[in-house]
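Asks: Here is my input, please return the structure:
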Amino acid sequence: MNGTEVIADTGYASGTFNQTGGSHTVKQLILAHYAGDNAHFNLSGGTLTVNGDETVGNGYTASTGTFTQSGTSMHTITGTLYLAPNSGGQSAFNLQGGTLTVSGDEVLGRDPGSIGAFTQSGTSMHTVKGTLFISQNAGAQGTFTLQDGVLTANTVQLNPGGTFSQVGGAMIVTTFNQAGGAVYGGIDNRGTFNYSGGTFNGFLNSEGTVNFNADFTAVYGIQNYGLLVIPAGRTVTSGGNLINSGTLTLAGGTLVLSTDPSAVNFNNPTGTFNCDPAHAFHLGAAKFGNNGTLNLNGSLIDGTGILTNPTTLPRPRRDAAAKLVESDPLGL
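Replies: Model (predicted):
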């Protein structure tokens, strides 16, 4: 078919399309075109090629579209994948297996009042060559849940009203922008993570670069293998373990460490921790262990916590309460 294929098209209509094999090509695919329509597409085998845009839950009030992909099916969209672009529409995409490739953008919730949810699981492979928008505009609600499989995207844009959850699988994302919304479980940053707002109810695992454009709290902690800089005027709080195996620099900002007895705050042998001579290293009541390179640069260590270092440090400035523990004590 070279034209537009529509499942449920008359308003308050219902329709289901099941594809178990074969080759299926359309110019455009729309599920639930008008208000009240209810449409389902089940792709469990074969190939589906959409030479344009695919819209799941296109209609307005009370329209619902659901796309379920499984098995070894192959699904290619040369344009944009929309989940609930219009106000009042609801849609869900369940990627349980197979391969989904979107050459353009992927939009989960576009207009105010729209609700779009994407769940990825199984051995699925999911590629977005453009931008994955989670709640594209104000008032929309978008949700992306990565349970298993591999998500590859050029850019993920998480906005207010959006939710990103990673509880399993792997993500290979060049740029992850969090401008609002919420992260649960955590993210694996292998490129660049830009934070400017929202809540981060998870663990930040970074192998790339992190840019903090607002105060940031990782509820379950931070593990850094790449480059993490805390700029002047910013406060970064680790609610769980802080493990540095890359380069962590306090460039005038404040790092708040967890004081939970079970928390591990540590600079690994491959890690470099740079302090700012013009600003104190606020140890607080936390414990911090260094087994890598710790450049105090003459900065003040303050707080009531303990800094443990296996080798002799240059004599640091510290307040009366801070403790320094070394294998070769300085007698401070």
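
Asks: which residue is nearest the centroid of this protein?
Replies: Centroid-nearest residue in the chain, with C-alpha atoms, centre = their mean: Ile187, separated by 4.5 Å.

Asks: who's in contact with the helix or strand Ala153 falls within?
Replies: Ala153 belongs to strand 150-158 when assigned by DSSP states H and E. Outside strand 150-158, the residues within contact range by C-beta atoms under 8 Å, 6 or more residues apart in numbering are 106, 120, 124-136, 144, 164, 169-181, 183, 198. C-beta here means a position set from N, CA and C on the backbone, and glycine is covered the same way.

Asks: before we move on, the earlier item: may I have the beta-bridge partners of the residue nearest to the centre of the chain?
Replies: Beta-bridge pairing of Ile187 under DSSP bridges involves Leu204.

Asks: contacting residues around it?
Replies: So, once contact is read as C-beta under 8 Å, 6+ apart, Ile187 ends up touching Phe164, Gln166, Met171, Phe176, Phe193, Gly202, Leu204, Asn205.

Asks: Can you pull out the low-pLDDT segments for the stretch 51-200 of the chain?
Replies: Scanning the stretch 51-200 of the chain for pLDDT under 70 picks out no residues.

Asks: all strands for it, in order.
Replies: Using DSSP state E, counting those that start in this stretch, the strands of the stretch 51-200 of the chain run over 54-56, 64-69, 74-77, 81-83, 90-95, 99-102, 106-108, 115-120, 125-134, 141-146, 150-158, 162-166, 170-189, 192-206.

Asks: and those strands as CSV, adding distance to Leu228?
Replies: What follows is those, written out as CSV (distance: least, C-beta to C-beta, whole Å):
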stretch, distance to Leu228
strand 54-56, 38
strand 64-69, 37
strand 74-77, 35
strand 81-83, 33
strand 90-95, 32
strand 99-102, 31
strand 106-108, 28
strand 115-120, 27
strand 125-134, 24
strand 141-146, 23
strand 150-158, 19
strand 162-166, 19
strand 170-189, 10
strand 192-206, 6
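
Asks: who wins for proximity to Gly240 among those strands?
Replies: strand 192-206 (6.7 Å; C-beta to C-beta).

Asks: immediately after that closest one, which helix or strand?
Replies: In N-to-C order, the element after strand 192-206 by DSSP H and E is strand 209-212.

Asks: I'd like the mean pLDDT over that next one, please.
Replies: Mean pLDDT, strand 209-212: 97.

Asks: Next: stretch 224-240.
Replies: On average, stretch 224-240 scores 96.

Asks: Going by neighbour count, which residues of it are buried?
Replies: Going by neighbour count (16 or more other C-beta atoms under 10 Å), the buried part of stretch 224-240 is 224-230, 234, 236-240.

Asks: Reformat those as a markdown table; add distance to Asn86 and secondary structure.
Replies: Shown next, in a markdown table, are the buried residues of stretch 224-240 (distance: C-beta to C-beta, whole Å; DSSP: H, G, I helix; E, B strand; the rest coil):
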| residue | distance to Asn86 | secondary structure |
| --- | --- | --- |
| Asn224 | 41 | strand |
| Tyr225 | 42 | coil |
| Gly226 | 40 | coil |
| Leu227 | 41 | strand |
| Leu228 | 40 | strand |
| Val229 | 41 | strand |
| Ile230 | 41 | strand |
| Arg234 | 38 | coil |
| Val236 | 39 | strand |
| Thr237 | 39 | strand |
| Ser238 | 41 | strand |
| Gly239 | 38 | coil |
| Gly240 | 40 | coil |
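
Asks: Nothing else from me, thank you.
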